[in-house]
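K.L.:
No letters, just coordinates:
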């Protein structure tokens, strides 16, 4: 009888752990993106995994996303904790779609942004060195991965202002990777947006300025 009671308790404990771990370890937290540029020279891999709820805040679950970025066979960036989220607002919910906007720039964001216009991000390498890999985040719901930004090169990107989401983008954060590791980062405030009616803005992202 004691043996049956012990087995029953172990089974209930296992069932409880499985039920509490399921949201964090299920498909909402776990995902894989493995995409190559149209010309095949660049490749980005993102992988999400769930951790038990007690790894997050209180009873919240946690998602951890790793990043690997390649130019040919060369690793240009790695980050084992590229994205960490404790509140359930997981990576693929923020960035449900991805597309190469040119042969060296990958965009993550909404499939069909509901905003009636687009902002412009003007990214310029003001250093005297080529930048292997640059990540640009605009607001909460848009991100760009840029490869091989040469000295003096300027790249103009269309970006959703995210007004329709209720959290309009007000700043740009960029992270530069060199020799496989993060090197330089910075934040740029967007200029004031007209309010009657709201209109697009252009944000100058000068790296190394």
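P.N.:
Structure's in. What do you need? As the structure is a computational prediction, the values presented were derived from the model and not from experiment. Numbers count the residues shown, from 1 in each chain.
K.L.:
so what's the residue nearest to the spatial centre of the chain up against?
P.N.:
Nearest to the mean C-alpha position of the chain, by CA atoms, centre = their mean, lies residue 143 at 5.9 Å. Contacts for residue 143 were tallied using CB atoms under 8 Å, 6 or more residues apart in numbering; they are 95, 107-109, 135-137. To be clear about C-beta, it is placed using only N, CA and C from the backbone, and glycine gets the same treatment.
K.L.:
all strands in the protein, in order from the N-terminus.
P.N.:
31-36, 42-51, 62-71, 74-85, 97-102, 105-109, 119-125, 131-138, 142-149, 154-159, 171-178, 181-189, 202-207 (DSSP state E).
K.L.:
Any chance of JSON lines for those strands, columns distance to residue 91 and mean pLDDT?
P.N.:
Output for the strands of the chain, formatted as JSON lines (distance: least, CB to CB, whole Å; pLDDT from 0 to 100):
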{"stretch": "strand 31-36", "distance to residue 91": "7", "mean pLDDT": "97"}
{"stretch": "strand 42-51", "distance to residue 91": "5", "mean pLDDT": "95"}
{"stretch": "strand 62-71", "distance to residue 91": "5", "mean pLDDT": "96"}
{"stretch": "strand 74-85", "distance to residue 91": "5", "mean pLDDT": "94"}
{"stretch": "strand 97-102", "distance to residue 91": "11", "mean pLDDT": "96"}
{"stretch": "strand 105-109", "distance to residue 91": "9", "mean pLDDT": "97"}
{"stretch": "strand 119-125", "distance to residue 91": "21", "mean pLDDT": "97"}
{"stretch": "strand 131-138", "distance to residue 91": "12", "mean pLDDT": "97"}
{"stretch": "strand 142-149", "distance to residue 91": "10", "mean pLDDT": "97"}
{"stretch": "strand 154-159", "distance to residue 91": "18", "mean pLDDT": "96"}
{"stretch": "strand 171-178", "distance to residue 91": "16", "mean pLDDT": "95"}
{"stretch": "strand 181-189", "distance to residue 91": "18", "mean pLDDT": "92"}
{"stretch": "strand 202-207", "distance to residue 91": "23", "mean pLDDT": "97"}
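K.L.:
export those strands to JSON lines and tack on distance to residue 165?
P.N.:
Output for those, formatted as JSON lines (distance: least, CB to CB, whole Å):
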{"stretch": "strand 31-36", "distance to residue 165": "21"}
{"stretch": "strand 42-51", "distance to residue 165": "21"}
{"stretch": "strand 62-71", "distance to residue 165": "20"}
{"stretch": "strand 74-85", "distance to residue 165": "17"}
{"stretch": "strand 97-102", "distance to residue 165": "14"}
{"stretch": "strand 105-109", "distance to residue 165": "11"}
{"stretch": "strand 119-125", "distance to residue 165": "13"}
{"stretch": "strand 131-138", "distance to residue 165": "12"}
{"stretch": "strand 142-149", "distance to residue 165": "10"}
{"stretch": "strand 154-159", "distance to residue 165": "13"}
{"stretch": "strand 171-178", "distance to residue 165": "15"}
{"stretch": "strand 181-189", "distance to residue 165": "19"}
{"stretch": "strand 202-207", "distance to residue 165": "18"}
